[in-house]
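In: here's a sequence, model it:
(4 chains)
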2 protein chains.
Amino acid sequence: MSSETWSSATCASDEQSCRHGRSAVGCAACTVRFVSVCDALTSDELAELESLSRHVSHGPRETVFTQDEAASAVYNITEGAVRLVRLLPDGRRHITGFALVGDFLGLALPERHTTTAEALSHVTLCRFERRAFQDLVARKPHLLQRLHERAGYELGLAQDQMLLLGRRGAEEKVASFLLTLRGRYARIGLTSVTLELPMGRQDIADHLGLTIETVSRTLTRLDRDRTILIVPGGVRLLDLPRLERLGG
Amino acid sequence: MSSETWSSATCASDEQSCRHGRSAVGCAACTVRFVSVCDALTSDELAELESLSRHVSHGPRETVFTQDEAASAVYNITEGAVRLVRLLPDGRRHITGFALVGDFLGLALPERHTTTAEALSHVTLCRFERRAFQDLVARKPHLLQRLHERAGYELGLAQDQMLLLGRRGAEEKVASFLLTLRGRYARIGLTSVTLELPMGRQDIADHLGLTIETVSRTLTRLDRDRTILIVPGGVRLLDLPRLERLGG
DNA sequence: CGCACACTTGAGTCGGCTCAACCCTCGTGG
DNA sequence: CCACGAGGGTTGAGCCGACTCAAGTGTGCG
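Out: So this is what the prediction gives:
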């Protein structure tokens, strides 16, 4: 039994969204609506979407869904962050990306999930049955349009990441990673000087194609020369211009 | 003036497809139709699509379109191959991928191209004005559906590539590259024992995040231990099991 | 206190990069 | 016909940065 199923059970879901947390008062009042695909819908359609949705939540390290398993649902993150993991036959793992608030999981509406999604912190999600969501999409071309735009954006991110992985240089990778994350936070309205890093060093390493030791060393070096300041749970970006010079 | 525009001019295009080459006898008889997005259309719709299309062709090293320039058109490759290049501010370049027969350029229908596309050999393409194509797509949800599926597939490829770039090992990278290419050729019905490599060593290096010397050395090593045989314009795969062991 | 876990730090190794020379083919022109 | 140069590819010597292995720090928690 997957933890996904488990969490659905713990969340006493009924017709409308359940009230187990501080969010979940309906799509119209959804805090992430304007940064998500739902933005494409009229209020009527929003109501229809809402009837399909169930809120689910997961604690840290729990699995939302697993690579290669049948994709019974797609998700929209309303709180927290998850890591998207690809496992190799030989045991090595790679983190294709980190999904933040407002991000959509299952954008391509695939038959089977291509990655495993694991919660980094406490995370809440809007869960849609895939078939029902697919039916809705088939009837609402502009929603599909929106999904497709988003997929194009993701494709661009993936290409940036490929570029990053190809050009070596640990410092470049780490600096660029921090800047990218900063940019994504800004995109959803979080512009704090302190950058939260909900993922561990090992996750960053597996994302950048480095080892945990190299990530750690690089961060401490950036800390030593006052480019960043390492704080519990994240970093403070002290010298943005230099960081941008390092990251490209 | 871009070479794209230039080529359009040399191809005396009129209502139907022009007859400058051995292809171009109309969408219904198109050799790449069943491996491309056009497969989603009925014959009526195909006729409509055809009225939007112009055949263009490019010689080796010519640019089809350039990164960051306004995307006036999207393309379907009917013959030949192109490389998709991303240029960095500091001059380094990365090849995000190689597009083969049947591949669609501009899948995400972007305002501006995210990569530069350069012909590797003589290449012919079906060219669609982006706006007109977009209008058609807006009226044909199942075509959009098909584009979106394809985008999902591309996203998967990009993730595989990220994984490849992250896990080091030149031998692994090269072996995997050859196998991936073989798989893509097979997908469009080309199952020859000899694998054509229309791209140069430098292109492979820029695609895999290696140097040209390392690519060359790795290929010669594979040649020496009889895993492959280097032939003009490509390689022959002699020991597939071993190659698969090397590539994952 | 003692354990677990995440992270940091150090010493030595190794694979791919750098720099440089060389080979081969092809096209051009004397 | 050969000389020449250009471009793509190959090969070699030495270096450097990231990995490996190993130990040490710090914090939270039972």
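
In: list the contacts of the most centrally placed residue in chain A.
Out: By C-alpha atoms, centre = their mean, the mean C-alpha position of chain A lies nearest to A:A99, the distance being 0.6 Å. By C-beta atoms under 8 Å, 6 or more residues apart in numbering or on different chains, the contact set of A:A99 is A:77, A:81-84, A:105, A:117. (C-beta placed from N, C-alpha, C; glycine too.)

In: and of the residues you listed, the nearest to B:Q145?
Out: Top of the list for closeness to B:Q145, among the contacts of A:A99 and by C-beta to C-beta, is A:L105 at 19.6 Å.

In: distance of A:R217 from DNA strand C?
Out: Counting by C-beta to the nearest atom of the strand, to the nearest Å, the gap from A:R217 to DNA strand C is 5 Å.

In: how many neighbours does that residue have?
Out: 15 (other C-beta atoms under 10 Å in any protein chain shown).

In: and the closest residue to it other than its chain neighbours, what's its pLDDT?
Out: Once flanking residues are discounted, A:R217 sits nearest to A:A170: 7.7 Å by C-beta to C-beta, 6 or more residues apart in numbering or on different chains. Listed pLDDT for A:A170 reads 97.

In: my read: A:D103 touches A:I77, true?
Out: Yes. With contact defined as C-beta atoms under 8 Å, A:D103 and A:I77 form a contacting pair (5.2 Å).

In: for the residue nearest to the centre of chain A, which residues make a bridge with it?
Out: Beta bridges link A:A99 to A:V82 when assigned by DSSP bridges.

In: so A:I212 versus A:V101, what's the distance?
Out: Distance of A:I212 to A:V101, computed by C-beta to C-beta, to the nearest Å: 26 Å.

In: looking at the two, which is more packed in?
Out: Taking neighbours as other C-beta under 10 Å, A:I212 and A:V101 compare with A:V101 leading, 21 against 14.

In: contacting residues for the more buried one?
Out: By C-beta under 8 Å, 6+ apart, the contact set of A:V101 is A:32, A:35, A:77-81, A:188.

In: hmm, try it at 7 Å
Out: A:V101 makes contacts with A:32, A:77-79, A:188, as judged by C-beta atoms under 7 Å, 6 or more residues apart in numbering or on different chains.

In: same check on A:H207?
Out: A:I95.

In: out of the contacts of A:V101, which are inside strands?
Out: Residues from those lying in strands, with DSSP state E as the criterion: A:77-79.

In: B:G247: which of those is nearest?
Out: The closest of the ones in strands among the contacts of A:V101, once distances to B:G247 are taken by C-beta to C-beta, is A:I77, at 34.2 Å.

In: could you pull out the helices for chain A?
Out: If DSSP state H is used as the criterion, the helices of chain A fall at A:3-10, A:43-52, A:130-139, A:141-166, A:170-187, A:201-208, A:212-224, A:240-247.

In: can I get the ones you listed in a markdown table with distance to B:P232?
Out: Below are the helices of chain A laid out as a markdown table (distance: least, C-beta to C-beta, whole Å):
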| stretch | distance to B:P232 |
| --- | --- |
| helix A:3-10 | 53 |
| helix A:43-52 | 58 |
| helix A:130-139 | 49 |
| helix A:141-166 | 28 |
| helix A:170-187 | 38 |
| helix A:201-208 | 39 |
| helix A:212-224 | 41 |
| helix A:240-247 | 42 |
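
In: pLDDT value on A:S36, please?
Out: Predicted confidence (pLDDT) at A:S36: the value is 86.

In: ok, it - contacts?
Out: A:76, A:102, A:104.

In: how about the residues of chain A by DNA strand D?
Out: By the rule C-beta under 7 Å from any atom of the strand, the part of chain A lying against DNA strand D is A:168-171, A:209-211, A:213-214.

In: what residues does chain A have near chain B?
Out: Contact residues, chain A versus chain B (C-beta under 7 Å from any C-beta of the partner chain): A:86, A:88-90, A:92, A:94, A:96, A:108, A:110, A:114, A:138, A:141, A:144-145, A:147-148, A:151-152, A:154-156, A:158-159, A:161-163, A:165-167, A:209, A:248.

In: for A:R127, what are its contacts?
Out: Neighbouring residues of A:R127 by C-beta under 7 Å, 6+ apart: A:53-54, A:56, A:73, A:75.

In: show me the shaky parts of chain A.
Out: For chain A, the stretches with pLDDT under 70 are A:1-25.

In: hmm, A:A119 is touching A:E79, no?
Out: No. Applying C-beta atoms under 7 Å as the test, A:A119 and A:E79 come out as separate, 10.5 Å apart.

In: sorry, back to before: the residue nearest to the centre of chain A and B:H142, how far apart?
Out: Going from A:A99 to B:H142 by C-beta to C-beta gives 29 Å.

In: and if you look at A:L243?
Out: 46 Å.

In: tell me which of those two has more neighbours.
Out: A:L243 (19 against 14).

In: hang on, that one packs against A:T227?
Out: Yes. Assessed by C-beta under 7 Å, A:L243 is found in contact with A:T227 at 5.8 Å.

In: closest residue of chain A to DNA strand D?
Out: Residue of chain A nearest DNA strand D, by C-beta to the nearest atom of the strand: A:T214 (3.1 Å).

In: nice, that's everything, thank you.
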